[in-house]
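Asks: can you look at this prediction? I've put the sequence above it.
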Amino acid sequence: MRIAIVGQQDFGKAVLEAFLARGDQVAAVFCAPEKEGARPDVLRVAAQEKGLKLHQFKSLRAPEAVLAMRDAGADIGLMAFVLQFAPQEFVNIPKRGTIQYHPSLLPKYRGPSSINWPITRGEKETGLSIFRPTDGLDEGAVILQKRTPVGDNDTLGSVYFDRLFPMGVQAMLEAADLVVAGKHKQALQDESQASYEGWFREAEAKINWANHADVIHNLIRGCDPAPGAWTTCNGVKLQLFDSRKELVRTFGAVKGKIGEVLELAEGRLAVAAQGGRIHVGKAKLGDGKKLAAADLVASGALKPGQFLGN
């Protein structure tokens, strides 16, 4: 088939390479222009290295973008990690229209941080959707969905890189084949089940040690590796990673006060929280590197008896 890819970064590159690997013809690649000083976009670099027709428009609404898509003569458009708004006059140009990847089970968790939110809320399952892009954000008809469980200690990194990323590439191939062959089905999203959440950034990643240990554990793993759940230690920002939780069953089992650094045991730093303890395997203090918790303790930067977040 003849395809046009609209995307960015690693996922866009992986989708490009998957279609090329099986012999599909890439008519055009649309990639957002990099910001000044930013790293080269790996999708852009890959497209140039392969000698493909590359476009970098500041806006896909521009008449030049619409003309470029029209000139591509694609059978189908593929949106693989797209932060630019793509209007209907752009996405409807390919003969079979355009399909888009989104890493959640739509209509739940529409929005740009759709992997962080379900993990921080303790969901036991998430997944991905391939859908028809509309002018509403992540609101189009769903063509295909894939599901994956979320374990108690799964992180954003393990859920995305180990599962939703590779599953998503394969789902794009599967959905494109169905659409081009005219064998696909489309289901309108159930608005009664829909949710929208915005960006999960530094403000959302701040730890409140008065929250229950369940909430804190979910927050840390939902921000691991990015944006990094954080607290403070003696007024310096401290990001925490690789969390485990331990719930207390009796009053007599309670140790320390909320937010207190308790001990280093088996390479993990224990911190008291409401209802239990958080055991952290890695941390990053200030502008330093991410280190094993034991190394931070050995350096004297973290000590039992300190309080975090005060």
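Replies: Received the coordinates, thanks.
Asks: can you give me the strands in the stretch 51-200 of the chain?
Replies: Applying DSSP state E, counting those that start in this stretch to the stretch 51-200 of the chain gives strands spanning 54-55, 76-80, 98-102, 125-131, 142-149.
Asks: redo those strands as TSV? Include distance to Tyr196 and mean neighbour count.
Replies: Glycine gets a C-beta too; all of them are placed from N, C-alpha and C. Formatted as TSV, the strands of the stretch 51-200 of the chain follow (distance: least, Cβ to Cβ, whole Å; neighbours: other Cβ atoms under 10 Å):
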stretch	distance to Tyr196	mean neighbour count
strand 54-55	30	18
strand 76-80	18	25
strand 98-102	12	25
strand 125-131	14	23
strand 142-149	16	17
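Asks: distance to Pro118 and mean pLDDT for those - can I get that in CSV?
Replies: Supplementary listing: the strands of the stretch 51-200 of the chain in CSV, determined by distance: least, Cβ to Cβ, whole Å; pLDDT from 0 to 100:
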stretch, distance to Pro118, mean pLDDT
strand 54-55, 34, 98
strand 76-80, 21, 98
strand 98-102, 13, 98
strand 125-131, 5, 98
strand 142-149, 11, 98
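Asks: show me the contacts for Trp199.
Replies: Gly111, Pro112, Ser113 (Cβ atoms under 8 Å, 6 or more residues apart in numbering).
Asks: tell me the spacing between the second one and Asp138.
Replies: Pro112 sits 9 Å away from Asp138 when distances are taken as Cβ to Cβ, to the nearest Å.
Asks: quick one on the thing from earlier: buried ones among the contacts of Trp199?
Replies: Gly111, Ser113 (16 or more other Cβ atoms under 10 Å).
Asks: closest one to Phe131 out of the contacts of Trp199, please.
Replies: Nearest to Phe131, judged by Cβ to Cβ, of the contacts of Trp199 is Gly111 at 13.8 Å.
Asks: give me the most central residue, this structure.
Replies: Ile115 (4.6 Å; Cα atoms, centre = their mean).
Asks: go ahead and confirm that one touches Leu164.
Replies: Yes - if you go by Cβ atoms under 8 Å, Ile115 and Leu164 touch, sitting 6.8 Å apart.
Asks: how many neighbours does the closest residue to Glu89 other than its chain neighbours have?
Replies: In space, and not counting its chain neighbours, Glu89 is closest to Val66: 5.8 Å by Cβ to Cβ, 6 or more residues apart in numbering. By the criterion of other Cβ atoms under 10 Å, Val66 has 16 neighbours.
Asks: quick check: the gap between Val66 and Gly7.
Replies: Val66 is 18 Å from Gly7, where distance means Cβ to Cβ.
Asks: so where is this protein shaky, pLDDT-wise?
Replies: Within the chain, not a single segment meets pLDDT under 70.
Asks: show me what whichever strand in it runs longest is packed up against.
Replies: Among the elements of the chain assigned as strand by DSSP state E, the one spanning the most residues is strand 236-247. Helices and strands touching strand 236-247, by 3 or more Cβ pairs under 8 Å, 6 or more residues apart in numbering; DSSP states H and E, are helix 213-222, strand 229-233, strand 268-273, strand 276-285.
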